[in-house]
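Engineer: what's the 3D shape of this:
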Amino acid sequence: MLSMSNLSPSPGTPMAAGPLTRAVLEIDEYASTLGWDKPARLFALVDTARLRRSEPGLANQLGLDRDDAGKSQLTPIEQDQVPAGMPLDKFLGTIAWPDAIVGCALTVERLMLPPSAEASVPEGLSDKQLAKWVAGHPDRQEVRLTVGVLRDGSRESAVRLREKDSSSEVLTGASLVPGLAEALAATFLD
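Structural biologist: Next up, the predicted model:
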């Protein structure tokens, strides 16, 4: 298990941001320290105060100091590695979280095209053919997507462009990556 709580808060993280936004930005910042061309990473989100009460030894091991008010109210805990070669949607379909987990987050790298390129996408391509076509497109952008969801339905996303790899350039919003947010939310359904 790895907690990002020992990382400094991102200088671009607004103090008024909610706990989920802070957790997503904390995960994005952690992923940025690892560099690019990395596999997807899955995180459980736990209530920091509850973790301190129920697992004080673990909280201490993770560096969750009781009087550090600047830290997120959610603690991201990295899970085992996402299996290589397994489609992400299939992998997420295998996950069931225990009640102590209040949310989850995933960070993954993808290629994206600007909306202006949508009209030129050839029809009838398989997923593999489409991925190859996008990879060869001159206007493609490499991005890192970090998406978090809570059991209560709250969602947040952070998008970082590789060409603008800076904490101050990270775009956030609840509906930036709706498909991935839906897939993560489904991991909490009975």
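Engineer: So residue 26 is in contact with residue 78, correct?
Structural biologist: No: look at residue 26 against residue 78 with C-beta atoms under 8 Å: they stay out of range, at 11.6 Å. In short, each C-beta sits where N, CA and C put it, glycine included.
Engineer: Give the full set of residues in contact with residue 125.
Structural biologist: Taking C-beta atoms under 8 Å, 6 or more residues apart in numbering, we find residue 125 in contact with residue 133.
Engineer: Assumed it was part of a helix.
Structural biologist: No: using DSSP: H, G, I helix; E, B strand; the rest coil, the secondary structure at residue 125 is coil, not a helix.
Engineer: Would you check how far apart it and residue 179 are?
Structural biologist: According to C-beta to C-beta, to the nearest Å, residue 125 and residue 179 sit 18 Å apart.
Engineer: Can you list the strands that the longest strand seen in the chain pairs with?
Structural biologist: Across the chain, the longest stretch assigned as strand under DSSP state E is strand 101-112. Sheet pairing for strand 101-112, assigned by DSSP bridges, gives strand 41-47 (antiparallel), strand 141-150 (antiparallel).
Engineer: Now the element after that strand, going C-ward?
Structural biologist: Where DSSP states H and E defines the elements, the next helix or strand beyond strand 101-112 is helix 127-136.
Engineer: how about the CA coordinates for that next one, as PDB?
Structural biologist: Extracted in PDB, the C-alpha atoms of helix 127-136 (Å, rounded to 0.1, in the frame of the first residue of the first chain):
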ATOM      1  CA  ASP A 127     -11.200  -0.500 -31.400                       C
ATOM      2  CA  LYS A 128      -7.700  -1.600 -32.300                       C
ATOM      3  CA  GLN A 129      -7.900   0.100 -35.800                       C
ATOM      4  CA  LEU A 130      -9.300   3.300 -34.200                       C
ATOM      5  CA  ALA A 131      -6.500   3.300 -31.600                       C
ATOM      6  CA  LYS A 132      -3.900   3.000 -34.400                       C
ATOM      7  CA  TRP A 133      -5.500   5.700 -36.400                       C
ATOM      8  CA  VAL A 134      -5.600   8.100 -33.400                       C
ATOM      9  CA  ALA A 135      -1.900   7.300 -32.600                       C
ATOM     10  CA  GLY A 136      -1.000   8.300 -36.100                       C
END
